[in-house]
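Visitor: turn this into a structure:
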Amino acid sequence: MSLPAEGTYPGACPDHARPFRYPARLNSCRRWVTIFHPHFHSSTPVTHVSKSPPRSKARSRRQDVRNVAIIAHVDHGKTTLVDCMLRQSGRFREAQLVGDCILDSNDLERERGITILAKNIAIPYRGVKINIIDTPGHADFGGEVERVLRLAEGALVLVDAAEGPMPQTRFVLSKALEFGLRPIVVVNKIDRPDARSHEVIDEVFDLFLQLGAEEGAAEFPYLFASAKLGYATADPAQPGSSIQPLMDMILAEVPPPAIDPAAPLQMLVTTLDWSDYVGRIAIGRIYSGAVATGQDVMLMQREDRATSARIAAVHVFEDLGRVEVPAARAGDIVALVGLEGVEIGDTVCDRESPRALPRLTVDEPTLKMTFGVNTSPLAGREGRYLTSRHLRERLARETEKNVALRVEPIAGTEQFSVAGRGVLHLSILIETMRREGYELSIGKPHVILRRRGDVVEEPFESLVVEVPEGQTGPVMEMIGQRRGQLREMTSHNEYAYLTFSIPARGLIGLRTRLLNATQGTAVMHHRFEAYRPLEGEIPTRASGVLVSIAAGRAVAYGLDSLQQRSELHVGPGDVVYEGMIVGENSRSGDMSVNPTKEKKLSNMRAVGHDRNILLKPARRLTLEEALEFIEEDELVEVTPGQIRLRKIVLRELDRKRLARRAAQTAGT
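Guide: Residues are numbered from 1 along each chain as shown. Got it, this is the predicted structure:
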């Protein structure tokens with residue numbers, strides 16, 4: 001199948017000379033034509049009309065390149081679709097494409113089943129190099145999405161055929177429209193038994209209108225696909241045989257890069273990589289001019305600083321990796337070696353006529369935590385990096401490539417305030433650091449407040465909860481207690497979809513409680529909505545904790561008497577110390593306990609006999625659960641091998657003294 005010439009599709013518009021396709025269902029598209037394209041009769045439905053004007057008035061376009069980003073809500077199938085496109089290209093042996101989610105090469109990505117870091121690959125198709133950028137779907141990694149969208153002219157917007165547009169769909173689509181990208185909507189997972197493909201197309205169209213899309217952008221091309229089964233089709237009732245229709249649509253609909261080959265070099269750095277052999281590697285797109293190995297360039301950095309540098313090597317993306325080339329030109333996505341001190345947002349430009357591009361800007365963080373060195377009695381037993389100097393250097397390196405992260409030292413201490421997009425965003429950083437050999441103490445998450453005039457504002461989030469219809473009562477009650485307001489309620493196939501507006505404070509610790517209240521059936525997604533005036537108090541953890549008053553190893557005899565009144569976090573043989581949290585109390589208030597207590601052995605004969613001790617399995621908290629569990633006077637101790645909870649003040653006598661002092665201060 002060859003790519004049709006412009007305007008040769010059935011129903012081509014004579015006034016606009018643009019190709020149109022007949023949709024599988026007619027009624028929905030007739031409405032679009034009536035509103036947006038009066039040149040058509042209502043009996044001639046189309047899948048798209050015109051595109052928005054190009055972002056640049058460059059003199060030419062590179063017809064041999066397409067740059068496209070894949071954006072969607074989490075778990076809507078972005079990485080699986082990329083796998084399908086890789087197989088369709090015919091460039092790889094079967095051994096190279098073993099397994100699923102080939103691009104999720106990071107251990108954390110494979111363990112959690114999500115994309116964390118944006119990745120670039122290049123697929124040659126019919127003489128055109130298609131640069132594909134796979135982006136994260138979780139709202140906490142929105143900073144990755146925002147910076148890599150600058151590399152592309154088009155975006156594949158994936159939507160689940162059953163779930164429809166979700167909170168992150170709105171976020172990524174709004175960013176794509178803000179950057180002027182040409183959207184192609186792909187309704188994925190049409191093989192699901194509860195798929196409602198045509199309804200989802202209508203919902204996406206409504207979403208375009210809500211986001212204020214221009215008339216050209218609102219008339220988007222679309223396809224239906226099953227990335228799992230490996231096909232795309234114009235009619236969900238007629239499964240296809242390959243992903244080729246999507247590849248053809250990318251060539252036809254995504255604009256080629258606008259270039260000005262005669263202009264001086266300009267390249268915006270959007271990503272940083274690191275090599276132990278060559279150091280920093282700057283990745284970005286060339287907007288004008290060309291770059292070659294050995295070329296002298298000017299690096300335009302923050303605060304109008306200009307630094308001279310020389311390009312040591314030029315790499316372009318090819319298949320799943322990068323290859324070195326002597327030179328690259330406008331429109332290419334390249335990786336440059338030899339730029340010492342380069343940062344994300346810098347402009348690599350011509351030395352004779354240096355002109356900086358606008359720096360990258362991303363949405364500000366909404367959540368912060370306190371990072372400090374591990375000060376527990378068990379510090380230094382497992383990790384290699386233990387001091388505040390190690391911690392400072394590691395956080396500084398992270399801010400160079402993680403544009404959504406903010407790090408500030410806390411005056412008078414050896415701790416750091418680290419701000420990010422959410423608990424998951426920061427927990428991924430913590431998990432990465434512990435696997436590298438760091439030992440940390442992490443404080444309770446806090447939302448970032450801001451003051452506008454005399455009004456204190458806090459971040460609000462849009463929360464969508466998917467739950468069986470019979471479980472909506474506990475969900476609404478629990479979220480209502482946390483100042484959440486119900487905005488919309490819909491149902492599909494015995495599942496209810498509840499949309500709330502809730503303060504970000506109310507989300508901390510909500511996921512675990514929702515799962516407990518709904519027998520593990522609730523699924524929740526959220527994204528940042530806006531800053532609004534500060535709401536009232538939000539309930540915190542109702543129960544207290546069990547705090548060890550002894551150091552040693554927990555024994556079954558000591559734990560047996562505790563499990564009747566608590567949920568244990570440790571098991572027999574676990575090392576404990578004074579001030580360590582060993583369980584959750586069934587009542588409010590903390591309880592001091594001794595999990596190392598052993599049965600006294602003596603020569604006295606006792607009436608009766610010993611009974612067998614049956615212990616319930618300890619509840620091992622994940623890192624996210626631990627961060628959401630702790631209160632103001634507690635810390636999460638993170639080491640390469642363990643995640644423990646502890647009190648900030650370890651000795652019981654010291655905690656009582658501080659409590660009395662606080663009570664006296666409050667009384668005066």
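
Visitor: residue 198 sits in which helix or strand?
Guide: Following DSSP states H and E, one finds residue 198 within helix 197-210.

Visitor: which residues does residue 429 contact?
Guide: Applying Cβ atoms under 8 Å, 6 or more residues apart in numbering to residue 429 gives the contacts 398, 402, 405, 418, 420. C-betas here are computed from N, CA, C, even on glycine.

Visitor: from what I see, the third one and residue 420 are in contact.
Guide: Yes - counting by Cβ atoms under 8 Å, residue 405 sits close enough to residue 420 to count as a contact (5.5 Å).

Visitor: neighbour count winner among these two?
Guide: For residue 405 and residue 420, the more surrounded residue by other Cβ atoms under 10 Å is residue 420, and the numbers stand at 26 against 19.

Visitor: which residue sits closest to that one in space, ignoring its chain neighbours?
Guide: Leaving aside its chain neighbours, residue 420 sits nearest to residue 426 (4.5 Å; criterion: Cβ to Cβ, 6 or more residues apart in numbering).

Visitor: right, and that neighbour touches residue 370 too?
Guide: No - using Cβ under 8 Å as the test, residue 426 is too far from residue 370 to be in contact (10.9 Å).

Visitor: need the residues touching each of these two.
Guide: By Cβ under 8 Å, 6+ apart, residue 426 and residue 370 have these common neighbours: residue 418.

Visitor: so for the two, which sits in the more crowded spot?
Guide: Set side by side, residue 426 and residue 370 show more neighbours around residue 426, with 25 against 17, by other Cβ under 10 Å.

Visitor: count the residues that sit near residue 224.
Guide: Residue 224, neighbours per other Cβ under 10 Å, totals 29.

Visitor: got the phi and psi for it?
Guide: Taking degrees, to the nearest 10, you get phi -110, psi 140 for the backbone angles of residue 224.

Visitor: ok, it - contacts?
Guide: Contact analysis of residue 224 by Cβ under 8 Å, 6+ apart lists 24, 161, 186-187, 190, 197, 232-236.

Visitor: dump the residues you listed to CSV, plus distance to residue 465 and secondary structure.
Guide: Output for the contacts of residue 224, formatted as CSV (distance: Cβ to Cβ, whole Å; DSSP: H, G, I helix; E, B strand; the rest coil):
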residue, distance to residue 465, secondary structure
24, 32, coil
161, 20, coil
186, 26, strand
187, 23, strand
190, 25, coil
197, 24, helix
232, 31, strand
233, 32, strand
234, 34, coil
235, 33, coil
236, 27, coil
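
Visitor: for residue 587, state which of those is nearest.
Guide: residue 161 (47.4 Å; Cβ to Cβ).

Visitor: so how far is residue 205 from the closest one?
Guide: Residue 161 sits at a distance of 15 Å from residue 205 (criterion: Cβ to Cβ, to the nearest Å).

Visitor: among the contacts of residue 429, which lie within strands?
Guide: Among the contacts of residue 429, DSSP state E puts 418, 420 in strands.

Visitor: would CSV of the contacts of residue 429 with pLDDT and distance to residue 515 be doable?
Guide: Formatted as CSV, the contacts of residue 429 follow (pLDDT from 0 to 100; distance: Cβ to Cβ, whole Å):
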residue, pLDDT, distance to residue 515
398, 87, 30
402, 80, 29
405, 87, 28
418, 94, 27
420, 89, 23
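
Visitor: what's the closest of the contacts of residue 429 to residue 64?
Guide: The closest of the contacts of residue 429, once distances to residue 64 are taken by Cβ to Cβ, is residue 402, at 33.3 Å.

Visitor: please name the spatially closest residue to that closest one (chain neighbours excluded).
Guide: Once flanking residues are discounted, residue 402 sits nearest to residue 143: 7.0 Å by Cβ to Cβ, 6+ apart.

Visitor: how about that neighbour, what does it touch?
Guide: Counting by Cβ under 8 Å, 6+ apart, residue 143 touches 362-363, 402-405, 421.

Visitor: now flag whichever of these is closest to residue 321.
Guide: Nearest to residue 321 among the contacts of residue 143: residue 402, at 23.0 Å, using Cβ to Cβ.

Visitor: for that closest one, give me phi and psi.
Guide: Note on residue 402: backbone dihedrals following degrees, to the nearest 10 are phi -110, psi 90.

Visitor: burial count for it?
Guide: By the measure other Cβ under 10 Å, the count of residues near residue 402 is 21.

Visitor: related to what we said a few turns ago, if I look at the residue nearest to residue 420, how far off is residue 401?
Guide: Plainly put, residue 426 is 15 Å away from residue 401 if you go by Cβ to Cβ.

Visitor: and residue 87, by the same measure?
Guide: 30 Å.

Visitor: now do residue 272
Guide: From residue 272 across to residue 401, the span is 4 Å (Cβ to Cβ).

Visitor: hmm, back to that, list the buried residues in whichever helix or strand the residue nearest to residue 420 is part of.
Guide: Assessed by DSSP H and E, residue 426 sits inside helix 423-436. Across helix 423-436, burial judged by 16 or more other Cβ atoms under 10 Å covers 423-434.

Visitor: before I go, just wanted to say thanks for your time.
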